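Visitor: Return a 3D structure for these sequence lines:
(one chain, ligands or ions: 1)
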Amino acid sequence: MSGLQGSGFRGQVTLDGPSGTGKSSVARAVAARLGAAYLDTGAMYRAATVAVLDAGIDPEDAEAVAGVVAGARIDVGTEAGTEIVRVDDVDVAVRIRGAEVTRAVSAVSAVPAVRRQLVDQQRDLVAAADAVVVEGRDIGTVVLPGATCKIYLTAAPEARAQRRAGQLGVTDAAEIAAIAADLRRRDTYDSSREDSPLRPAADAVVVDSTELDRDQVVDRVVALAQAAVGVSR
Ligand code: DC
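Guide: Sure, this is the predicted structure:
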């Protein structure tokens, strides 16, 4: 990870919430504004899923999944200003966003041994940074319970489906309905798994982005982060 220092912010901002809330784009912008590093933990679960798919095993076979991921070297971070995602030194930054990985990632990320391994790695990466924005599902609840500032970003399901459709360039109503159904499927899977389910931490600030544009959300999160460390604006 890397990040220009100098905004005065020191600490960790956690950004959790379901898919399609604009979380990644908000997290990147907040990191840039705070001069903080950025860690996308979803990219780590997606990279682990690439390893599972390439090994030819069933993503629902928890034991086999745990074995494959234990043997995989997953690198996620920023090098020379560029986000990198590698599995065993192979660049998978584009592949992790594909439909095959998106379909299988909930099952892989529900495996407790996979979570333990990646959470350990996430804590090591965070410990190496003075200031960091960490995006995921369980960052405020499990990975960094003592974080400086915790945000839970949410939005109405229809707004999330519309936003995702816009990113994919989809305008057909049936396709948008299919995107909404997939978001609901992943929400249910992520919120109901036994290990580290998706939910806001008790001390998280819930930000609903349904009626806000990206810049308004970014302003809100930056202000909350600065208030948490007493930095004047
Ligand atoms: O944010 P994303 O869509 O890239 O995340 C991919 C999947 O990884 C998502 O289905 C939930 C899971 N995930 C998780 O379980 N814990 C995290 N900290 C981050 C992502």
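
Visitor: and the residue positioned nearest the centre of the chain, backbone torsions?
Guide: By Cα atoms, centre = their mean, the chain has its centre lying nearest to Gly136, at 3.1 Å. Dihedral pair for Gly136: phi 180, psi -140, per degrees, to the nearest 10.

Visitor: dump the residue contacts of it.
Guide: 14-16, 40-42, 122, 143 (Cβ atoms under 8 Å, 6 or more residues apart in numbering). Every C-beta, even on glycine, is put in place using the N, C-alpha and C of the backbone.

Visitor: let's go with 7 Å and repeat that
Guide: 16, 41-42, 143 (Cβ atoms under 7 Å, 6 or more residues apart in numbering).

Visitor: Buried subset of those as a ChimeraX selection?
Guide: For anyone working in ChimeraX, the buried entries among the contacts of Gly136, judged by 16 or more other Cβ atoms under 10 Å, can be selected with:
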select :16,41,42,143
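
Visitor: neighbouring contacts of the longest helix belonging to the chain?
Guide: Counting by DSSP state H, the longest helix found in the chain is helix 173-192. With contact meaning Cβ under 7 Å, 6+ apart, helix 173-192 is reached by 18-20, 106, 137, 157-158, 160-162, 164-165, 170, 197-199.

Visitor: Go through it and flag the buried ones.
Guide: For helix 173-192, by 16+ other Cβ under 10 Å, it's 176, 179-180, 182-183, 186-187, 189-190.

Visitor: out of those residues, who's near the ligand?
Guide: 186, 190 (Cβ under 6 Å from any ligand atom).

Visitor: wait, which of the buried residues of helix 173-192 is closest to Gln117?
Guide: Gln117 has its nearest neighbour among these in Asp190, at 18.2 Å by Cβ to Cβ.

Visitor: picking up where we left off before, Provide the partner residues of the residue nearest to the centre of the chain in its beta bridges.
Guide: Asp16 (DSSP bridges).

Visitor: mind showing which ranges of this protein have poor pLDDT?
Guide: 1-7, 231-233 (pLDDT under 70).

Visitor: at 50 instead, please
Guide: For the chain, the stretches with pLDDT under 50 are 2-5.

Visitor: got the residues of it near the ligand?
Guide: Residues of the chain lying near the ligand (Cβ under 6 Å from any ligand atom): 19, 41-42, 45-46, 105-106, 109, 136-139, 186, 190.

Visitor: how does it look with 5 Å?
Guide: When proximity is defined as Cβ under 5 Å from any ligand atom, the chain approaches the ligand at 19, 41-42, 45, 105-106, 109, 136-138, 190.

Visitor: Next step: those residues restricted to strands.
Guide: Counting by DSSP state E, these place Gly136 in strands.

Visitor: Closest to Ala93 out of the residues of the chain next to the ligand?
Guide: Of all the residues of the chain next to the ligand, Gly42 has the smallest distance to Ala93: 12.7 Å, by Cβ to Cβ.

Visitor: Tell me the spatial nearest neighbour of that closest one, not counting adjacent residues.
Guide: Gly136 (6.1 Å; Cβ to Cβ, 6 or more residues apart in numbering).

Visitor: Now for the residue nearest to Ala62 when sequence neighbours are not counted, how many residues are close by?
Guide: Spatial nearest neighbour of Ala62, chain neighbours left out: Val111 (4.7 Å); criterion: Cβ to Cβ, 6+ apart. Residues lying near Val111 (other Cβ atoms under 10 Å) number 24.

Visitor: Next: the one 5 residues further on.
Guide: By the criterion of other Cβ under 10 Å, Arg116 has 14 neighbours.

Visitor: cool, and the one 4 residues further on?
Guide: Neighbourhood size, Asp120 [other Cβ under 10 Å]: 11.
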